[in-house]
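Peer 1: Sequence first, then the predicted structure:
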Amino acid sequence: MAPRQPPVTLAPRDTAAHLAEVLRGHDDPLRIVFDHVQDVVYLIEHDDGDYRFVAVNPAFLHATGLAAQDVVGRPVDEVIPPPSIELVRRHYADAIARRAPVHWEEVTPFPSGLRYGEVMVAPVLDDDGRCTHLVGTVHDVTEHRVAQQALDRLANYDPLTGLPNRVRFRELLAAEAAGVVEHGKPCALLYLDLDGFKTINDALGHSLGDALLQQVGERLRAQARPGDILGRLGGDEFGLVAAVAAPPGDARTLAETMLELLRAPFQVDGHEIRVTPSIGIATCPEDSCDAEDLVRFADAAMYAAKAAGRNRLAFYSCEMDQQAQHRRELEHALREAVERREFVVHYQPSVELRSGRIAGFEALLRWNRPDVGLVSPAEFMPVLEDTGLIRDVGDWVIETVVRQLAEWEAAGHTGLHVAINVSAVQLLPAPPRAGSTDATHTLLEHVRDCLARYPLRTGWIELEVTESVLMTDPEFARATLERLRTVAGRIHVDDFGTGYSSLAYLTRLPIDSLKIDRVFVQDLPDDVEDASIVRAVIGLAHSLGLDVIAEGIETAAQRRFLIEAGCDHGQGYLFARPVPAGDVPALLRAGRAGVDA
Ligand code: C2E
Ligand code: MG
Ligand code: MG
């Protein structure tokens with residue numbers, strides 16, 4: 001090899017004079033290019049399948065870390081390591097055979113990591129058209145590839161859990177479904193949504209919410225079998241696609257395993273959190289072989305699982321798709337209803353069971369839906385809660401009730417109290433509104449604010465919370481209720497018996513009464529099991545110093561049974577249905593409702 005020329009520095013001045021200056025003293029201008037180009041450049045001598053390096057540029061030596069004497073004059077097999085040489089030789093042969101340059105991309109492991117290079121090899125032909133040499137170049141595209149891979153990860157994977165995101169999951173599902181069509185081996189899509197995650201996220205803050213989601217993702221991943229596709233489809237939604245030899249039995253077993261998997265509490269930053277999933281299942285090919293359909297169907301089934309009481313699984317059926325459609329329409333209509341304030345509050349008296357004397361009222365929300373009429377909250381409350389709209393509507397209910405109480409008080413009805421239902425979502429501090437950092441508005445502040453605007457001298461409000469609220473995060477519930485009781489007179493536990501309160505735990509809560517759920521009252525006095533449950537609850541409540549209210553009393557026989565069992569108060573159609581505010585004064589003047597003492 002010719003001795004190296006002194007290196008020259010190419011300054012970014014593109015005048016001819018500058019170039020002339022640079023080239024002065026260099027007899028071989030091409031040499032300058034060879035020495036200074038950033039790409040790897042080499043020349044190989046070819047003789048009947050033998051390849052030998054003739055010249056390599058400094059970029060080559062820099063990239064490989066080799067010295068010129070280790071390369072120049074040596075066969076390529078001694079320089080290029082064995083895993084690559086086979087491929088390289090094939091490309092050389094190809095270029096020679098085609099009499100044309102060939103291109104490929106090469107990934108080379110270096111101690112500092114993988115390097116990606118775009119390689120080009122061009123044959124050099126003599127006058128007879130024989131290939132005597134090969135010129136090779138390698139353009140390093142590592143940065144570009146790494147950036148591309150990062151983009152790819154961002155576009156296809158969820159950064160929090162590392163699982164495929166919704167887009168990628170759908171692609172994988174579509175491929176799986178296509179495979180089912182081809183090979184006939186069925187698979188199932190399980191769509192998992194965490195129950196009440198929004199509530200937990202708002203209560204604990206988003207970073208703990210994220211940590212919880214990560215742990216959920218880890219548990220699911222640990223359980224997944226090779227070949228399963230697991231993805232995060234949205235906030236608290238996960239999807240699993242798995243081959244099932246015998247659907248629906250296998251799919252059910254899989255879903256039951258998932259339910260079991262999430263049963264143990266999660267430890268998140270010192271909090272012990274319990275979270276249950278609702279799982280919807282769609283099977284391929286039975287339900288559909290189209291990825292879009294499968295996701296929609298499994299989603300509809302998941303909603304059905306929620307509606308059936310959460311923490312369970314449901315298989316897709318055609319009616320569910322209609323129900324899901326209905327739900328979307330309902331959500332849309334409710335958003336409009338909130339804007340247009342299409343709600344009213346009705347009042348149902350609670351009475352002293354023995355005397356029938358009106359003891360107080362419960363405020364019950366109604367939606368005055370245009371063209372439909374009054375709609376019960378049973379139909380729309382789940383949507384208000386899931387969408388968070390209940391905060392707005394709930395605030396409005398509280399304000400309406402307090403203002404109403406003040407009006408009744410001014411009209412001479414003293415000592416009145418009205419119980420207001422509050423959902424779990426309302427008990428939590430509201431997330432800060434977009435674009436604002438103000439102190440978050442809480443239920444406590446709102447109640448205080450309403451009572452300041454409409455002061456009550458003798459009347460008061462009470463709050464009804466359901467058991468499930470108390471059990472999700474018991475410590476949080478206790479602290480919140482304690483503060484709320486300083487502004488609201490009394491706290492009732494609503495629908496008692498339908499959740500799974502730990503009785504020992506109840507003793508530590510700042511509550512005043514239990515409302516026995518209607519399901520235990522409706523078959524009284526004949527249903528022996530219900531009769532004993534009701535007696536036990538009354539006994540328990542009294543031993544804890546709590547008042548008991550029985551809901552849904554419709555018959556005189558139910559009332560008699562409850563009086564004998566020692567129940568203090570009751571509510572139900574036997575005494576009065578919920579009535580508009582305008583009908584309350586007449587009830588109050590009568591002083592008692594429905595029955596004679
Ligand atoms: P809840 O608090 O357990 O209310 C009792 C429900 O039983 C009311 O249904 C009431 O109309 C009904 N009811 C009363 N007596 C009888 C009876 O003798 N027989 C029968 N079959 N039913 C009776 P409603 O008004 O449809 O409310 C349903 C649920 O919606 C309530 O259950 C409560 O959990 C929720 N809710 C109602 N208003 C509000 C509200 O303003 N905010 C919140 N967060 N939830 C509310
Ligand atoms: Mg209630
Ligand atoms: Mg109730």
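Peer 2: Now that the structure is in, tell me what you want to look at. Ligands and ions are numbered 1, 2, ... in the order given.
Peer 1: Over to the spatially most central residue of the chain: give its phi and psi.
Peer 2: What sits nearest the mean C-alpha location of the chain, by CA atoms, centre = their mean, is residue 236, with 1.6 Å. Here is the backbone geometry of residue 236 (degrees, to the nearest 10): phi -120, psi 30.
Peer 1: Wait, it touches residue 191, no?
Peer 2: No - look at residue 236 against residue 191 with CB atoms under 8 Å: they stay out of range, at 11.6 Å. Where C-beta positions appear, they are placed from N, C-alpha and C, glycine not excepted.
Peer 1: For the stretch 301-450 of the chain, which residue gets nearest to ligand 2?
Peer 2: residue 421 (4.4 Å; CB to the ion).
Peer 1: pLDDT score assigned to that residue?
Peer 2: At residue 421, the pLDDT value in this model is 96.
Peer 1: ok, how many other residues are close to it?
Peer 2: Around residue 421 there are 20 other residues, counting by other CB atoms under 10 Å.
Peer 1: show me the contacts for it.
Peer 2: 362-365, 463-464, 494 (CB atoms under 8 Å, 6 or more residues apart in numbering).
Peer 1: in stretch 212-221, what's buried?
Peer 2: 212-213, 215-217, 220 (16 or more other CB atoms under 10 Å).
Peer 1: List phi and psi for the closest residue to residue 357 other than its chain neighbours.
Peer 2: Distances taken as CB to CB, 6 or more residues apart in numbering put residue 592 closest to residue 357, at 5.2 Å, once the chain neighbours are dropped. Dihedral angles of residue 592 (phi, psi; degrees, to the nearest 10) stand at phi -140, psi 160.
Peer 1: can you pull up the bridge partners for residue 41?
Peer 2: residue 137 (DSSP bridges).
Peer 1: before we move on, the earlier item: show me the contacts for the spatially closest residue to the residue nearest to the centre of the chain that is not a sequence neighbour.
Peer 2: Once flanking residues are discounted, residue 236 sits nearest to residue 197: 3.7 Å by CB to CB, 6+ apart. Residue 197 makes contact with 209, 212, 235-236, 275 under the criterion CB under 8 Å, 6+ apart.
Peer 1: Next one, pLDDT for residue 197 please.
Peer 2: 88.
Peer 1: Next, the buried residues of the longest helix anywhere in the chain.
Peer 2: The longest helix of the chain (DSSP state H) is helix 318-340. Under the neighbour-count criterion of 16+ other CB under 10 Å, helix 318-340 has 320-321, 323-324, 327, 330, 333-334, 337-338 buried.
Peer 1: Using JSON lines, lay out those together with pLDDT and distance to residue 455.
Peer 2: Shown next, in JSON lines, are the buried residues of helix 318-340 (pLDDT from 0 to 100; distance: CB to CB, whole Å):
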{"residue": "320", "pLDDT": "84", "distance to residue 455": "50"}
{"residue": "321", "pLDDT": "80", "distance to residue 455": "52"}
{"residue": "323", "pLDDT": "82", "distance to residue 455": "46"}
{"residue": "324", "pLDDT": "81", "distance to residue 455": "47"}
{"residue": "327", "pLDDT": "84", "distance to residue 455": "41"}
{"residue": "330", "pLDDT": "91", "distance to residue 455": "38"}
{"residue": "333", "pLDDT": "94", "distance to residue 455": "36"}
{"residue": "334", "pLDDT": "94", "distance to residue 455": "33"}
{"residue": "337", "pLDDT": "94", "distance to residue 455": "30"}
{"residue": "338", "pLDDT": "92", "distance to residue 455": "28"}
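Peer 1: near ligand 1, which of those residues show up?
Peer 2: Among the buried residues of helix 318-340, not one lies near ligand 1 by CB under 6 Å from any ligand atom.
Peer 1: Output those in CSV; the columns should cover distance to residue 389.
Peer 2: Shown next, in CSV, are the buried residues of helix 318-340 (distance: CB to CB, whole Å):
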residue, distance to residue 389
320, 23
321, 24
323, 20
324, 18
327, 14
330, 11
333, 11
334, 6
337, 9
338, 5
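Peer 1: Can you name the residues of the protein sitting close to ligand 2?
Peer 2: 421, 464, 494 (CB under 5 Å from the ion).
Peer 1: Against residue 515, how distant is the last one?
Peer 2: Right, residue 494. Distance of residue 494 to residue 515, computed by CB to CB, to the nearest Å: 5 Å.
Peer 1: Report the secondary structure state of whatever residue of the stretch 51-200 of the chain ends up closest to ligand 1.
Peer 2: Distances between the stretch 51-200 of the chain and ligand 1 by CB to the nearest ligand atom are smallest at residue 199, namely 12.9 Å. Assigned by DSSP: H, G, I helix; E, B strand; the rest coil, the conformation of residue 199 is helix.
Peer 1: That one reaches residue 424, doesn't it?
Peer 2: Yes - with contacts counted by CB under 8 Å, residue 199 reaches residue 424, the gap being 5.2 Å.
Peer 1: follow-up on the earlier one: can you report how many residues neighbour the residue nearest to residue 357?
Peer 2: Residue 592: 17 neighbours (other CB under 10 Å).
Peer 1: again, but for residue 82
Peer 2: Residue 82, neighbours per other CB under 10 Å, totals 7.
Peer 1: again, but for residue 139
Peer 2: Using other CB under 10 Å: residue 139 sits among 16 other residues.
Peer 1: between residue 494 and residue 515, what contacts are shared?
Peer 2: residue 464.
Peer 1: Please identify the helix or strand for the spatially closest residue to residue 290 that is not a sequence neighbour.
Peer 2: Nearest residue to residue 290, sequence neighbours excluded (CB to CB, 6+ apart): residue 177, at 6.8 Å. If you go by DSSP states H and E, residue 177 is part of helix 166-183.
Peer 1: And for residue 279?
Peer 2: strand 277-284.
Peer 1: so that strand versus helix 318-340, what angle?
Peer 2: Relative orientation of strand 277-284 and helix 318-340, computed by axes from the mean of the first three to the mean of the last three CA atoms, to 10 degrees: 130 degrees.
Peer 1: Okay then, goodbye and thanks.
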